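Participant: Please work out how this folds:
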Amino acid sequence: MRLKGCLVSFRAARARPAAGRLLPGAGCCLLLVACLGLPAGAARAADAAAGAEPAAAEEAEIDASLVIAGQQIGARASATGRRQRGLNARADVEGTIPVLRIGGGHGSLVGHLRSGVGTGVTTRQIHSGSVNNLGFDSDKGVDDHYGIVAEAYYQHLHPLGGSTGGSERSGAGGSHLALAVGKFDMFNFFDRNEAADDEARAFLNESFVHNPMLGAGGDGAGDEFGFSPGLRTAYFNGTGSRHGWGVSLGLLGAGEEARTSRLPRRPMVFLQADLTTQGAGGDTVGTVRLYAWRNRLAEDFDGEPAVHDGWGVSVDHRIGNWVTVLGRYGRRTRGAGFFDRALTAGVVASGQAWGRADDSLGFAVGGLSTDSTYRRATAAGAPPGAGASGTERVLEVFYRFAFGKSVEVTPDFQYIHRPAGDPSGAPVRAVAIRFRFSH
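Facilitator: Reported below is the predicted structural model:
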């Protein structure tokens with residue numbers, strides 16, 4: 001048995017009321033202190049840094065990190081009409097324990113505790129959801145510290161055709177089947193992106209962390225904290241050539257069914273196909289993920305229950321050894337939200353080009369197109385041209401300074417033009433500083 005370094009992230013995201021099981025704040029703090037005293041695990045930390053999809057463990061692991069973020073917005077961008085400064089924090093402790101080995105396959109139990117305080121700043125209405133996808137809050141109050149059991153699930157990886165193993169990330173080692181059942185974050189397995197799916201280390205704006213239709217648009221599964229009971233099955237075909245492919249299916253709790261410990265009766269259905277490209281050394285250099293979903297427990301922009309269907313694509317590709325380009329597109333084909341189409345793109349560069357290999361520079365832009373039904377609703381009774389219309393445009397840039405392997409400091413800037421499609425709306429500008437500690 002080997003214990004690997006804890007991943008505890010104090011982060012700042014969209015405000016979410018209490019859900020799931022709350023843990024006493026003192027107990028969470030003791031757990032964090034204990035985890036930070038464990039030896040670091042380089043292999044697990046590398047996977048987390050790369051955004052690798054969780055795989056069934058062959059030995060026990062515990063991961064932790066700590067993230068604290070401060071952010072400021074001006075009065076014209078603020079929901080209160082006054083300049084805001086916000087400080088928030090979130091902690092995650094994740095553990096994986098191997099429990100089963102059958103016919104070359106292996107299964108493990110995964111647990112995840114989360115603790116935090118604060119929501120960060122609150123902007124006026126924007127399509128892109130949140131300028132700080134790290135917040136952690138409940139109806140207990142913004143200054144209360146508390147914790148939840150975020151995830152608890154079983155996952156199994158089984159090689160096929162004489163393969164010696166497999167990777168949930170790339171299928172290295174041959175073809176395999178994968179299973180996950182329990183309560184988890186759907187984005188552990190779907191809509192992943194190597195350069196943009198971790199607000200603790202990369203982009204803060206919600207529209208760049210996930211496909212905007214699933215995250216900011218509300219079509220994804222999950223409770224107020226983003227976790228839900230569900231089942232995910234997958235097949236990956238690793239042929240030994242430069243290309244591999246896979247398909248996966250998720251049945252995920254949405255709406256009120258995300259707040260239970262039972263498998264959903266009316267699950268969100270998510271189907272995804274993956275195409276990966278390996279480099280000369282066998283590592284994954286690019287992935288295309290094409291997916292479609294049906295959420296029967298979604299809500300339209302007016303809060304009315306509705307069925308939402310849609311599809312999307314997530315792409316990442318490494319160019320050389322230090323540049324990764326990324327992109328996502330999403331479209332809702334049924335249901336009426338605040339926006340119905342979204343396109344994001346960006347680039348993340350490693351600092352090795354200028355002699356700081358562990359640093360990163362990121363730049364991303366996006367456009368979220370106002371839904372026609374919402375446009376008509378806001379135009380009703382309003383002066384000509386005053387209703388929501390057009391495309392909200394989002395820009396974000398960050399630079400992550402790495403100090404050794406344990407400390408990162410990241411200045412961040414965001415600019416949002418035509419927020420929520422409001423033609424007369426003042427642009428939103430947000431500046432932030434984020435600190436991440438890991439061990």
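Participant: Now tell me which helix or strand of this protein has the poorest mean pLDDT.
Facilitator: Of all helical and strand segments in the chain, the minimum by mean pLDDT, DSSP states H and E falls on helix 42-50, at a mean of 37.
Participant: Flag the shaky bits of the chain, pLDDT-wise.
Facilitator: Residues of the chain meeting the criterion pLDDT under 70: 1-58, 137-146, 162-173, 239-240, 382-386.
Participant: SS state for the most centrally placed residue in it?
Facilitator: Nearest to the mean C-alpha position of the chain, counting by Cα atoms, centre = their mean, stands D197 at 4.7 Å. Under DSSP: H, G, I helix; E, B strand; the rest coil, D197 falls in the coil class.
Participant: My read is that it contacts M186, right?
Facilitator: No - at 11.7 Å, D197 does not count as touching M186 under the criterion of Cβ atoms under 8 Å. No exception for glycine: its C-beta is placed from N, CA and C like everyone else's.
Participant: so Y374 sits in a helix?
Facilitator: Yes - according to three-state DSSP, Y374 belongs to a helix.
Participant: which stretches of the protein form helices?
Facilitator: 25-36, 42-50, 206-209, 372-379 (DSSP state H).
Participant: who touches the shortest one?
Facilitator: Surrounding helix 206-209, the residues in contact under the criterion Cβ atoms under 8 Å, 6 or more residues apart in numbering are 13-14, 127-131, 133, 196-199, 202-203, 212, 215-216, 342, 344, 346, 364, 366, 368, 394, 396.
Participant: Would you mind writing the CA trace of it as CSV?
Facilitator: Extracted in CSV, the C-alpha atoms of helix 206-209 (Å, rounded to 0.1, in the frame of the first residue of the first chain):
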residue,chain,number,x,y,z
GLU,A,206,-17.1,28.7,-16.3
SER,A,207,-17.5,28.8,-20.0
PHE,A,208,-13.9,27.7,-20.5
VAL,A,209,-13.9,24.9,-17.8
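Participant: List the buried residues for it?
Facilitator: The neighbour-count check on helix 206-209 (16 or more other Cβ atoms under 10 Å) flags 206-209 as buried.
Participant: Measure how far it is from the centre of its chain, please.
Facilitator: Remark: helix 206-209 is offset 8 Å from the chain centroid, using Cα atoms, centre = their mean, to the nearest Å.
Participant: again with the last one
Facilitator: Relative to its parent chain, helix 372-379 has a centroid offset of 29 Å by Cα atoms, centre = their mean.
Participant: ok, and what's touching it?
Facilitator: Residues contacting helix 372-379 (Cβ under 8 Å, 6+ apart): 300-302, 336-340, 386-389, 421.
Participant: Could you rerun that using 6 Å?
Facilitator: Helix 372-379 is contacted from outside by 301, 336, 338, 387-389, using Cβ atoms under 6 Å, 6 or more residues apart in numbering.
Participant: Adding neighbour count and distance to F225, write those residues out as TSV.
Facilitator: Shown next, in TSV, are the contacts of helix 372-379 (neighbours: other Cβ atoms under 10 Å; distance: Cβ to Cβ, whole Å):
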residue	neighbour count	distance to F225
F301	19	22
A336	19	26
F338	24	22
G387	19	34
A388	26	29
S389	18	33
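Participant: longest strand of this structure?
Facilitator: Using DSSP state E, we find that the single longest strand of the chain is strand 84-102.
Participant: other SSEs contacting that strand?
Facilitator: Helices and strands touching strand 84-102, as assessed by 3 or more Cβ pairs under 6 Å, 6 or more residues apart in numbering; DSSP states H and E, comprise helix 25-36, strand 61-73, strand 105-117.
Participant: so what strands line up beside that strand?
Facilitator: Using DSSP bridges, the strands paired with strand 84-102 are strand 61-73 (antiparallel), strand 105-117 (antiparallel).
Participant: can you redo those strands as CSV with distance to A234 and mean neighbour count?
Facilitator: Below are those laid out as CSV (distance: least, Cβ to Cβ, whole Å; neighbours: other Cβ atoms under 10 Å):
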stretch, distance to A234, mean neighbour count
strand 61-73, 21, 24
strand 105-117, 13, 22
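Participant: Including distance to T277, could those strands go into a markdown table?
Facilitator: Below are the strands paired with strand 84-102 laid out as a markdown table (distance: least, Cβ to Cβ, whole Å):
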| stretch | distance to T277 |
| --- | --- |
| strand 61-73 | 28 |
| strand 105-117 | 26 |
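Participant: so which of those strands comes closest to G147?
Facilitator: G147 lies closest to strand 105-117 among the strands paired with strand 84-102, at 3.5 Å (Cβ to Cβ).
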